[in-house]
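> how does the following fold in three dimensions:
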Amino acid sequence: MKLSPEEIARFERDGYLFFPSLFKPGEIKTLTDDLYGDITTVQGEVKSTDCNSLIDTTVGPSASSATCTYTVEYADPGTSGDVTNTVTAGVEDTGNGSKTDLTGSTTVNVELNVAP
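Modelled structure (predicted):
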């Protein structure tokens, strides 16, 4: 692959080049929470979810983002404070079937309201 003068200048200015056409889209096949497991179905501490709607959703360089919501029963009611939560999306390449995991984390503040 030969770079154009514009691409060379962009690399020298930014320090990297990105070619979206070299990436194929993938489909979400699994969604897993590191604390609560599968978040696409009501099970265990997952009390409600709409995340099953994201299964087979296409993701990739030109795809828009997608969100879902799930509610869990907090497993350790003896503590309040910040809990770091990580969700992993198992993604399968629509062209060759190869698989990869995409992860994202957020911090949730847990506030206990326990009646006396």
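
> CA only for contacts and neighbour counts going forward, please
Noted.

> ranges for the strands of this protein?
Using DSSP state E, the strands assigned to the chain run over residues 26-33, 37-38, 46-49, 58-59, 70-72, 81-93, 99-110.

> quick one: mean pLDDT over the fifth one.
With pLDDT averaged residue by residue, strand 70-72 scores 88.

> listing partners with orientation, what would you give for it?
strand 46-49 (antiparallel) (DSSP bridges).

> same thing with the fourth one?
The sheet places strand 58-59 alongside strand 26-33 (antiparallel), with pairing taken from DSSP bridges.

> got the contact list for the partner strand?
By Cα atoms under 8 Å, 6 or more residues apart in numbering, the residues outside strand 26-33 that reach it are 38-40, 51, 54-60, 85-94.

> returning to that earlier point: indicate which one of the strands of the chain is closest to Tyr16.
strand 99-110 (21.6 Å; Cα to Cα).

> list the buried ones in the closest one?
The neighbour-count criterion (16 or more other Cα atoms under 10 Å) identifies no buried residues in strand 99-110.

> which other helices and strands contact that strand?
Contacts defined by 3 or more Cα pairs under 8 Å, 6 or more residues apart in numbering; DSSP states H and E place strand 99-110 against strand 81-93.

> for the strand it packs on, output the C-alpha coordinates as CSV.
Extracted C-alpha coordinates of strand 81-93, given in CSV (Å, rounded to 0.1, in the frame of the first residue of the first chain):
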residue,chain,number,x,y,z
GLY,A,81,-20.0,3.2,47.9
ASP,A,82,-18.5,2.9,44.4
VAL,A,83,-18.6,-0.3,42.5
THR,A,84,-16.7,-0.7,39.3
ASN,A,85,-18.6,-2.7,36.7
THR,A,86,-17.2,-4.1,33.4
VAL,A,87,-19.4,-5.3,30.5
THR,A,88,-17.9,-7.4,27.7
ALA,A,89,-19.5,-7.8,24.3
GLY,A,90,-18.5,-10.9,22.4
VAL,A,91,-18.4,-9.8,18.7
GLU,A,92,-18.1,-12.0,15.6
ASP,A,93,-16.7,-10.7,12.3
